[in-house]
Structures are given as C-alpha cells and as structure tokens.
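In: build me a structure from this.
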Amino acid sequence: MPGGGKKDPRIGLGPDTLNAELRDELIRHAILILGLEAGEARRLRLTLSRDLDPVVMEALQDALGRFRVDDAGRVERAKQTLQAMETFSAEQAAAVRAVFDERRRDFRARMRELAEGELRYSEGVLDFRVPVDFDVRSPPPIVITDIVSRRPIEGRPLDHWFRDLAADTSRRIDAEVRRGIASNESTAQIIQRVRGTTRRPGGPLLFAKRQAETIARTAVRSVSTAALEEVWSANSDVVERVMIVATLDLRTCPICASLDGASFPVGNGDRPPFHPSCRCVVAPVVAAFDDLGRRVRRSGADDGTRASMLGEVPSTLRFPEWIRRQRFDDLVEVFGRQRAVWIRDGLIDPRELIDRQLRIRTLEELRPLISRRRAG
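Out: Below you'll find the model as predicted:
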C-alpha cells in the first residue's frame with residue numbers, strides 16, 4: 001500500500017502516546033472481532049442443527065425399525081439388533097463426516113474472507129496512525145492460505161479440528177446407542193440419548209454443536225491475530241514488538257493475567273488465543289520517528305487511559321496492580337481462596353501463578369516460593 005495517503009497530522013507525537021493510541025485502536029477493533037466470533041459460532045451451530053440432526057435421526061430411526069423390541073417397547077440385545085447396529089454405525093459415520101466436510105469448506109472460505117479483511121485493516125492502521133510517510137508493505141497473498149489452512153489453532157490446523165470433531169461425534173453417537181441397548185432402553189430413550197437434552201447435556205449432537213461453537217470462536221480470534229501480525233512482520237522496520245493486552249475484568253484467567261502488558265519481538269513469543277474463548281488482544285509497538293523520519297530515543301510517559309470492564313483506568317496500569325484493587329471475595333472467585341490470600345498479602349504476583357509453559361501452577365508448587373518470601 002503506498003504511503004502517500006492521508007496521514008495523522010501529529011508528526012511530533014511521542015512514542016509512548018502513539019503506542020497507547022495504537023493499543024486502544026486494536027482494543028476497539030477487538031470488540032468487533034468478539035461480535036464476529038459470536039456470529040460465526042451461532043451460524044455454525046444453526047447450520048449443524050439444520051444439516052447434522054436430520055441425517056443422524058433418519059439413520060437412527062431406520063436402525064431402530066430393525067432392532068428387536070419386546071412387548072414393552074424396549075430394545076432387546078439380540079443378534080438381529082446387533083447386526084442392525086453395525087449397519088447403523090457405518091451409515092451414521094459416513095453421514096456425519098459428509099456434513100462436517102461441508103461445514104468445514106464453508107467455514108474455511110469465511111475465514112479466508114476474515115484474513116483478507118484483517119490484512120487490509122492492519123495495513124490501514126499503520127498507514128493512517130503512524131505519523132510518518134512510508135510505504136506500508138503488504139504480505140504476499142500466500143499467507144492467507146497459510147493462516148487459514150496450515151497454521152495451527154490451539155495445536156491443530158483448522159481442517160483437523162473439523163475432521164476430529166466429526167470422528168468424535170460418530171464415536172459418541174455409536175457409544176450412546178450401544179449403552180441404550182445394553183440398558184434395555186426404549187427407542188424413545190435411545191433417541192434422547194443421541195439428541196441430548198437439558199438433563200443430558202452430553203448428548204452427542206448437542207455436544208458436537210457446543211464444540212463447534214468453541215472451534216468457531218477460537219478460529220476467528222486465531223485468524224485475526226495471525227493476519228494482523230503478518231502486516232507487522234512485513235513492516236518490522238516500523239513495528240518493533242507485539243504487546244499482549246488482557247481484558248481487565250474478573251473473568252480474566254490467570255494465564256491471560258500473567259501475560260498482560262508483555263511484549264515480544266514480531267514473529268516470536270506467545271500469542272492469543274491462549275485457550276478456547278480467549279479475549280486477549282495483540283497491539284503493535286512501533287519505533288519512534290521525529291518529524292524528519294529519524295528514529296528518536298524513547299522518552300516521556302503516556303498519561304492516557306485504557307479500557308476496563310469496570311471503567312477506564314490509567315493506561316500504565318497492568319493486570320497485577322488492577323487485580324489487587326479488587327474486593328477479596330472477587331479474588332477468591334477468580335483465583336481460589338489460598339491464591340487470593342497470597343495476592344492480597346503481597347506474597348505473590350499474579351503473573352507468578354503461571355509457569356513458562358503457560359500452565360497454572362499448583363498450590364504445592366507455589367508453597368516453597370511463599371515460604372521463602374515469608375522467611376525473607
């Protein structure tokens with residue numbers, strides 16, 4: 001993208017203030033992404049309800065018609081039933097796989113559109129917000145395919161998530177029907193086993209839709225984050241680092257809390273989502289320029305604010321300081337009673353609750369650290 005377009009006129013903008021504005025811009029954008037996550041999750045759930053439930057129920061009803069049933073309407077564990085069960089297992093597995101393959105192709109196409117849009121957005125932010133004329137470089141088009149099809153999301157590529165969920169759903173359906181037969185249940189009870197209800201939330205069809213919603217939300221955040229950083233990587237002479245910004249509220253998990261305010265070189269370090277439904281945001285940390293385009297030494301401090309679910313707070317405030325200001329009962333709800341006591345008493349920083357593998361440390365692992373601090 002050429003750099004000769006409209007520029008923010010504040011050429012003398014200090015680096016800390018500029019980076020605070022970039023952070024707030026990305027936080028505002030993340031609110032839109034949260035809405036998109038919810039929309040994509042709902043879309044996937046509804047299309048699975050429309051496409052998956054009927055084909056599974058049709059195959060199940062056909063199988064139930066071939067099961068041996070006693071005078072009370074209960075399925076008998078007989079050779080006739082077991083043979084019909086084997087046929088049903090193969091039919092429902094093929095039907096489930098076909099539905100998930102179709103949903104996978106549709107969702108992948110939508111994620112490509114998201115990646116393309118996020119690349120354009122990220123380029124526009126640099127072009128407009130950074131108050132120096134320069135040519136914003138665009139990543140090669142191949143990165144879109146890499147982001148959507150090849151890059152791991154929570155350890156697995158997007159296609160693998162859909163294929164694994166299809167296989168898991170088939171196994172769960174098969175297992176529930178076999179349990180119903182073994183329990184000598186009626187055909188109506190077996191149908192409820194498979195469909196799932198409020199009393200039986202683990203029903204395979206209901207469980208599959210909930211898992212699909214989680215996949216959709218996590219994929220949207222992963223694709224958005226990856227696309228934003230591809231632009232920053234292509235302009236690494238301007239964007240020096242990437243900062244993690246956690247949401248300041250009592251739903252923030254210890255993993256995200258420990259990383260709030262941390263920054264990493266472009267292309268290195270941890271990135272959200274750190275877990276399913278993660279709400280962390282990434283923001284660029286740009287190099288400073290004076291009005292002639294020369295790099296200048298960082299100085300001064302931003303006196304602005306950053307967003308919090310409980311109102312605006314100083315922009316320099318990080319999660320450890322923010323969480324200590326909250327009520328003790330709220331700390332207990334988030335961290336558990338013992339960790340809350342240690343945080344309240346100043347014996348531990350919330351960031352120390354997490355190890356280098358982003359695993360929450362157990363109380364047994366933390367107690368030696370607490371003992372040393374009490375002794376010191």
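In: all the strands of the stretch 101-250 of the chain, residue numbers only.
Out: In the stretch 101-250 of the chain, the strands defined using DSSP state E, counting those that start in this stretch lie at 239-245.
In: how about the helices in it?
Out: In the stretch 101-250 of the chain, helices defined by DSSP state H, counting those that start in this stretch lie at 142-145, 158-182, 187-195, 204-234, listed in chain order.
In: chain center to the second one: distance?
Out: Using C-alpha atoms, centre = their mean, to the nearest Å, the distance from the centre of helix 158-182 to the centre of the chain it belongs to is 23 Å.
In: again with the first one
Out: With C-alpha atoms, centre = their mean as the basis, the distance from the averaged C-alpha position of helix 142-145 to the chain average is 20 Å.
In: tell me the buried residues in that helix?
Out: Within helix 142-145, the residues scored as buried using 16 or more other C-beta atoms under 10 Å are 143, 144. Where C-beta positions appear, they are placed from N, C-alpha and C, glycine not excepted.
In: show residues contacting that helix.
Out: In this structure, residues lying in contact with helix 142-145 by C-beta atoms under 8 Å, 6 or more residues apart in numbering are 112, 115, 116, 119, 227, 230.
In: measure the first one to residue 145 for me?
Out: In this structure, residue 112 lies at 8 Å from residue 145, with C-beta to C-beta, to the nearest Å as the measure.
In: kindly report the same for the fifth one.
Out: Taking C-beta to C-beta as the measure, residue 227 falls 12 Å from residue 145.
In: so the helix or strand where residue 41 lies versus helix 204-234, what angle?
Out: Here residue 41 sits within helix 15-66, counting by DSSP states H and E. Angle, helix 15-66 to helix 204-234, by axes from the mean of the first three to the mean of the last three C-alpha atoms, to 10 degrees: 150 degrees.
In: I'd like to know which elements helix 15-66 is packed against.
Out: helix 79-129, helix 158-182, helix 187-195, helix 204-234, strand 239-245, strand 281-286, strand 305-306 (3 or more C-beta pairs under 8 Å, 6 or more residues apart in numbering; DSSP states H and E).
In: next, the buried residues of the fourth one.
Out: Put plainly, it is helix 204-234. Buried residues in helix 204-234 (16+ other C-beta under 10 Å): 204-209, 211-234.
In: pLDDT averaged over the helix holding residue 41 - what is it?
Out: What helix 15-66 shows for mean pLDDT is 88.
In: same question, stretch 153-161
Out: Mean predicted lDDT for stretch 153-161 stands at 90.
In: in it, what's buried?
Out: Buried residues in stretch 153-161 (16+ other C-beta under 10 Å): 153, 158, 159, 161.
In: end to end, how far does stretch 173-193 reach?
Out: Using C-alpha to C-alpha, to the nearest Å, the span of stretch 173-193 from its first residue to its last is 8 Å.
In: buried set for it?
Out: Neighbour-count burial for stretch 173-193, counted by 16+ other C-beta under 10 Å, picks out 173-174, 176-178, 180-181, 185-187, 190-193.
In: then stretch 119-138?
Out: 119, 121-123, 125-127, 129-130, 132, 134, 136-138.
In: so can I have JSON lines of those showing distance to residue 98 and pLDDT?
Out: Shown next, in JSON lines, are these (distance: C-beta to C-beta, whole Å; pLDDT from 0 to 100):
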{"residue": "119", "distance to residue 98": "32", "pLDDT": "95"}
{"residue": "121", "distance to residue 98": "35", "pLDDT": "93"}
{"residue": "122", "distance to residue 98": "37", "pLDDT": "95"}
{"residue": "123", "distance to residue 98": "39", "pLDDT": "94"}
{"residue": "125", "distance to residue 98": "41", "pLDDT": "91"}
{"residue": "126", "distance to residue 98": "43", "pLDDT": "89"}
{"residue": "127", "distance to residue 98": "44", "pLDDT": "88"}
{"residue": "129", "distance to residue 98": "46", "pLDDT": "82"}
{"residue": "130", "distance to residue 98": "48", "pLDDT": "80"}
{"residue": "132", "distance to residue 98": "53", "pLDDT": "75"}
{"residue": "134", "distance to residue 98": "50", "pLDDT": "78"}
{"residue": "136", "distance to residue 98": "43", "pLDDT": "90"}
{"residue": "137", "distance to residue 98": "42", "pLDDT": "93"}
{"residue": "138", "distance to residue 98": "38", "pLDDT": "94"}
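In: closest to residue 199 out of those residues?
Out: The closest of these to residue 199 turns out to be residue 121 (C-beta to C-beta; 44.5 Å).
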